[in-house]
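Peer 1: Got a predicted structure plus its sequence, pasted below:
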Amino acid sequence: MFTSSRRPAPLIALLLAILLPATLFWATPLQAAQPLRLVLQWEHQAQFAGYYVAQELGYYAEEGLQVEIVPGGPAIDAPTLVENGEADFCSAMLAPVLARQAETAVDAERGLVLLLQLINRSTLTLVAWKNGADGHSPIHSIADLDGRRVSLWPAFATAYHQFFARQGVRPQVVPQHYSLSLFLRRGVDACSAMLYNEYHSLLQQGVNREELSLFDFHALGFYLPEDGLYCRRGFYQQQPQRCAAFARASLRGWQTARQQPQLALDLVMRQVEAANLPVNRAHMAWMLQQVLQAIFAPEDQSWPTGRLRPEDYTGAGTLLGLSGRLPSYDDFVTPEARHGLH
């Protein structure tokens, strides 16, 4: 005997009425619990202290976020990982990101947008042997580098070339990779360096300050913002509140690092020691101090913490020779990085 297939319908409808809302109720927290991936532009170091603080002190968790911090390195291109959807956020410097925007064809949703501008004071420098690589050809000004051998990082070559062009200087440029050996062996007269990193590394390797001429880009009027937080445009459009929460917690981490630098330094050392990186606490302390000074403006100077001003965006494009080839300010800079976080 066949049983009618219609008789259980009321029971099925009742079960659906009970179970469907429960399914939807549990789905939302599960989606929210999906961890976010932040890829750093380099290996663990004090340059990223604020993120460690935000994670360790629960600032991300307070915003309802689970965050995985992934170290970068010479073989890792953080912006590419974000564009390809392999990471949600990345730390990156403004100059190479702008060059990427101008030179690489990426569809609108995969393109990067700025979520938080951290370093507004440039830390790019040139370090030269005060008496030249040969020991008897003094270098006291940028003009003295004309015709001299200078090593530059390929990723930042555009910024350095524009700087030289503004100074009317034409050095002999050779590639600089991830070592200061060529400079230390006096194979070049000058090399590119970050004030918070390579400059101090030279001092730690036994070079005396008196042996060096330091050319600080910011002090010389070359105003180029650096580190910021980026995400895909499509990701931001789909989850603006989540992105804002991530930026807010990250900035809070940096503010705490400023207020409690020893705590921040302890967390940095925990990361570098776990990764067996060849760095020491004194170098990380110097780096943290310099990075914080580049994020938070001193009383005698003024730049907005966490924001990128329209004039600074336009100025960066001009300094890099990219005017007319970049997205508009409003397309590239999110409201969080335009107006600040609250």
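Peer 2: Looks like it arrived, so ask away.

Peer 1: Glu62: neighbouring residues, count only.
Peer 2: Glu62 has 13 neighbours, counted by other C-beta atoms under 10 Å. C-beta coordinates here come from the backbone N, C-alpha and C atoms, glycine included.

Peer 1: Not counting residues beside it along the chain, what's closest to it?
Peer 2: Leaving aside its sequence neighbours, Glu62 sits nearest to Ala249 (C-beta to C-beta, 6 or more residues apart in numbering; 7.0 Å).

Peer 1: helix or strand right after the helix or strand where the one you found lies?
Peer 2: Ala249 is part of helix 240-259, with elements assigned from DSSP states H and E. Sequence order places helix 261-274 as the next helix or strand after helix 240-259, per DSSP H and E.

Peer 1: And for the helix or strand following that following helix, what's in contact with it?
Peer 2: Toward the C-terminus, helix 261-274 is succeeded by helix 281-295 as the next helix or strand (DSSP H and E). Helix 281-295 is contacted by residues 45-47, 49, 118-123, 195-197, 200-201, 204, 226, 254, 257-258, 261, 264-265, 268-269, 272, 305 when judged by C-beta atoms under 8 Å, 6 or more residues apart in numbering.

Peer 1: Please type out the PyMOL selection for whichever of those turn out to be buried.
Peer 2: Listed next is the PyMOL selection for buried residues among those, using 16 or more other C-beta atoms under 10 Å:
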select buried, resi 45+46+47+49+118+119+120+121+122+123+195+196+197+200+201+226+254+257+258+261+264+265+268+269+272+305
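
Peer 1: Quick one: residues contacting the nearest residue to Ala245 once chain neighbours are set aside.
Peer 2: Of all residues not flanking Ala245 in the chain, Glu63 sits nearest, at 3.9 Å (C-beta to C-beta, 6+ apart). Contacts here follow C-beta under 8 Å, 6+ apart; on that basis Glu63 touches 245-246, 248-249.

Peer 1: count of residues packed around Cys243?
Peer 2: Cys243: 24 surrounding residues under other C-beta under 10 Å.

Peer 1: can I assume it is in contact with Leu116?
Peer 2: No. Counting by C-beta atoms under 8 Å, Cys243 does not reach Leu116; the two are 9.5 Å apart.

Peer 1: quick one: common contacting residues for the two?
Peer 2: Glu336.

Peer 1: re the thing from before, looking at the contacts of Glu63, which two lie furthest apart in space?
Peer 2: Phe246 and Arg248 (7.3 Å; C-beta to C-beta).

Peer 1: The residue nearest to Glu62 contacts Glu56, correct?
Peer 2: No. Ala249 is beyond contact range of Glu56, at 11.8 Å (criterion: C-beta under 8 Å).

Peer 1: Between those two, which is the more surrounded one?
Peer 2: Set side by side, Ala249 and Glu56 show more neighbours around Ala249, with 25 against 17, by other C-beta under 10 Å.

Peer 1: what's near enough to touch that one?
Peer 2: Contacts of Ala249 (C-beta under 8 Å, 6+ apart): 54, 59-60, 62-63, 65.

Peer 1: Tell me the spacing between it and Leu320.
Peer 2: With distances taken as C-beta to C-beta, to the nearest Å, Ala249 is found 31 Å from Leu320.

Peer 1: Just give the number of residues close to Val97.
Peer 2: Residues lying near Val97 (other C-beta under 10 Å) number 20.

Peer 1: Please shift the residue numbers so they start at 7 in all later answers.
Peer 2: Sounds good: first residue 7 from here, last item Val103.

Peer 1: Would you mind giving the domain segments of the protein?
Peer 2: Domain assignment of the chain by automatic domain parsing yields the ranges 39-127+230-345, 130-222.

Peer 1: Look at the residue nearest to Ala251 and report its pLDDT.
Peer 2: pLDDT, Glu69: 98.

Peer 1: quick revisit: out of Phe252 and Arg254, which sits in the busier spot?
Peer 2: Phe252 (26 against 20).

Peer 1: That one touches Gln72, doesn't it?
Peer 2: No. In this structure, Phe252 is not within contact of Gln72 by C-beta under 8 Å, at 10.8 Å.

Peer 1: for stretch 276-291, which positions count as buried?
Peer 2: 277-278, 285, 289-291.

Peer 1: To clarify, my last question referred to stretch 289-309.
Peer 2: 289-294, 296-302, 309.

Peer 1: Any idea which of those the model trusts least?
Peer 2: For those, the pLDDT minimum is Trp309, 88.

Peer 1: Quick check on that one: phi, psi?
Peer 2: phi -150, psi 150 (degrees, to the nearest 10).

Peer 1: how about the closest residue to it other than its chain neighbours, what does it touch?
Peer 2: In this structure, Trp309 finds its nearest non-sequential neighbour in Asn126, 4.0 Å apart by C-beta to C-beta, 6+ apart. Asn126 makes contacts with 231-232, 300-301, 303, 309-311, 314, 318, as judged by C-beta under 8 Å, 6+ apart.

Peer 1: ok, 10 Å please
Peer 2: If you count contacts by C-beta atoms under 10 Å, 6 or more residues apart in numbering, Asn126 has them with 100, 224, 229-234, 300-303, 307-315, 318.

Peer 1: Could you do Gln261 as well?
Peer 2: Contact analysis of Gln261 by C-beta under 10 Å, 6+ apart lists 56, 59-60, 65, 298, 301-302, 311-312.
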